[in-house]
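[1] Sequence first, then the predicted structure, then my questions.
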Amino acid sequence: MNNSPVLTIDGPSGSGKGTIAQMLAREFGWHYLDSGAIYRVLAYATLKHNIDLSEEANIVKMAEQLELRFQLEDTGLKVLLEGEEVSEHIRSEKAGNAASKVAVIPAVRTALLQRQRDFCQPPGLVTDGRDMGTVVFPDAQFKVFLTASAEERALRRHKQLKEKGIESNLSGLIKEISERDKRDSEREVAPLKAAKDALILDSTQLGISTVYEKVRAFCT
Ligand code: C5P
């Protein structure tokens, strides 16, 4: 790893960490790593290649060879797997759940570690995920843990889906989000938790611009 500054934003799904991380990466002119997208693409690739989620050795091999590219554009993050754009496919709840299942496998996490660290390049990196401040970049200068209640996160997801013309069931979303939180928090390797030196922000009652200002002020 080089000495470029790193800002890690960890937290559960729907906490707004991706939005804030992208806004700050643009503002600082730093690189951006959406680590969750790597797990999502891996889960998508296993389905694409007909690998069952129980076939650990094959999933690890796939993690080692994953041909993946990210491009941060004005409209959001463009994700390419083996040259195919998968940006939308990997954002479904189903893809998120499958991602959290492959993410439980310790050898998968080891296989993806260096790939994530390679994103740390001058002039700096903003990254979001679950274990960025605890495991992947333990020496990061700025660490934030962004959270919100499961109900609020489900409501945000419900609104997002509605804007895309997709109907969803709020209580079903709360259940899915809570199950994923549980799996992510209770796994043995790199569980979802705040680093000891992280700024903890609860965004349940806060708008995105307030969270953005707070994180920006923390980094400057
Ligand atoms: O952040 P996002 O919801 O896209 O992440 C999808 C899943 O990938 C998470 O539920 C989690 O299980 C896994 N993940 C992880 N470690 C990270 C980022 C994501 O285990 N650093």
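    Received the coordinates, thanks.
[2] Up against the ligand, what does this protein have?
    By the rule C-beta under 6 Å from any ligand atom, the part of the chain lying against the ligand is 13, 35-36, 39-40, 96, 99-100, 103, 129-132, 180, 184. Any C-beta I mention is one placed from the backbone N, CA and C, and that applies to glycine too.
[3] could you give me the average pLDDT of the helix or strand harbouring Lys61?
    Counting by DSSP states H and E, the element that carries Lys61 is helix 56-65. What helix 56-65 shows for mean pLDDT is 96.
[4] That one packs against which elements?
    helix 35-48, helix 106-117 (3 or more C-beta pairs under 8 Å, 6 or more residues apart in numbering; DSSP states H and E).
[5] and the next element down the chain from it?
    Per DSSP H and E, the first helix or strand lying C-terminal to helix 56-65 is strand 68-73.
[6] how far does that following strand sit from the chain's center?
    Offset of strand 68-73 from its chain centre (C-alpha atoms, centre = their mean, to the nearest Å): 14 Å.
[7] Then stretch 96-105?
    12 Å.
[8] In CSV, list the C-alpha atoms belonging to it.
    The C-alpha atoms that make up stretch 96-105 are tabulated as CSV, following Å, rounded to 0.1, in the frame of the first residue of the first chain:
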residue,chain,number,x,y,z
GLY,A,96,-27.5,-8.2,-2.5
ASN,A,97,-28.5,-11.4,-0.6
ALA,A,98,-26.4,-13.6,-2.9
ALA,A,99,-23.5,-11.3,-2.3
SER,A,100,-23.8,-11.5,1.4
LYS,A,101,-23.7,-15.4,1.1
VAL,A,102,-20.5,-15.5,-0.9
ALA,A,103,-19.0,-12.8,1.4
VAL,A,104,-19.3,-15.2,4.4
ILE,A,105,-16.6,-17.5,2.8
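[9] quick one, strands of this protein?
    6-10, 31-34, 68-73, 76-81, 84-85, 125-129, 142-147, 199-202 (DSSP state E).
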